[in-house]
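*Asks:* Please work out how this folds:
(one chain, ligands or ions: 1)
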Amino acid sequence: MFDEENYAPLYGAYDGDKLVGMAQLYVSQTMLADFKKDFGLPSSTKIAELGGNLVLPEYRGLGITTNLQKIELEIAKQRGFDYLISMAHPDNIGSCKTLEKVGLKFVGGQKVANGFLRNLYMLKLK
Ligand SMILES: CC(C)(COP(=O)(O)OP(=O)(O)OC[C@H]1O[C@@H](n2cnc3c(N)ncnc32)[C@H](O)[C@@H]1OP(=O)(O)O)[C@@H](O)C(=O)NCCC(=O)NCCS
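*Replies:* All right, here's what the predicted structure looks like:
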């Protein structure tokens, strides 16, 4: 078990009672330690990561992920993080596009700490 608020709070988008989309904000500095190295950030930097995005196929392309990530951006600012980061496979056009729409900047593509090839996106929050 873990404390969700201090690990990876999960946000949902609903159509009535039906959960149609989800997004997570990873905030555990322990979990994110290796990614700080990938992004060239000092270990003392406080970062949050956008991830865990999934929208039901029939609800895609409606702006659900973009909107959830905009909410997460505001939460990350309020919680005092220095940077917001995210990673997406270069072929995942939908993921890459949502990150750019939310304002994250592409900073390179490489194999990251978990061994996967990823496009790296980052936004300085303060
Ligand atoms: C990636 C995903 C989360 C995007 O969610 P979404 O709610 O459909 O995204 P949005 O509606 O906010 O899309 C934002 C922009 O990206 C575009 N886009 C979304 N998916 C796209 C795709 N597959 N190909 C091209 N463009 C795409 C949208 O058209 C929109 O652009 P626009 O504003 O210019 O019209 C969704 O497609 C999904 O669940 N995919 C499967 C799981 C996955 O890959 N998750 C991410 C990796 S963990």
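*Asks:* Please make it C-alpha for all contacts and neighbour counts, starting now.
*Replies:* Will do.
*Asks:* For the residue nearest the centre of the chain, give me its contacts.
*Replies:* Among the residues of the chain, the one closest to the centroid is residue 50, at 0.9 Å (CA atoms, centre = their mean). By CA atoms under 8 Å, 6 or more residues apart in numbering, the contact set of residue 50 is 23-26, 69, 72, 84-87.
*Asks:* Need the three-state assignment for it.
*Replies:* Look at residue 50: counting by DSSP: H, G, I helix; E, B strand; the rest coil, its state is strand.
*Asks:* okay, and for this protein, where does confidence drop off?
*Replies:* 1-2 (pLDDT under 70).
*Asks:* ok, back up a step: quick check: the residue nearest to the centre of the chain vs the ligand, distance?
*Replies:* Distance of residue 50 to the ligand, given as CA to the nearest ligand atom, to the nearest Å: 10 Å.
*Asks:* That residue and residue 81, how far apart?
*Replies:* Using CA to CA, to the nearest Å, residue 50 is found at 12 Å from residue 81.
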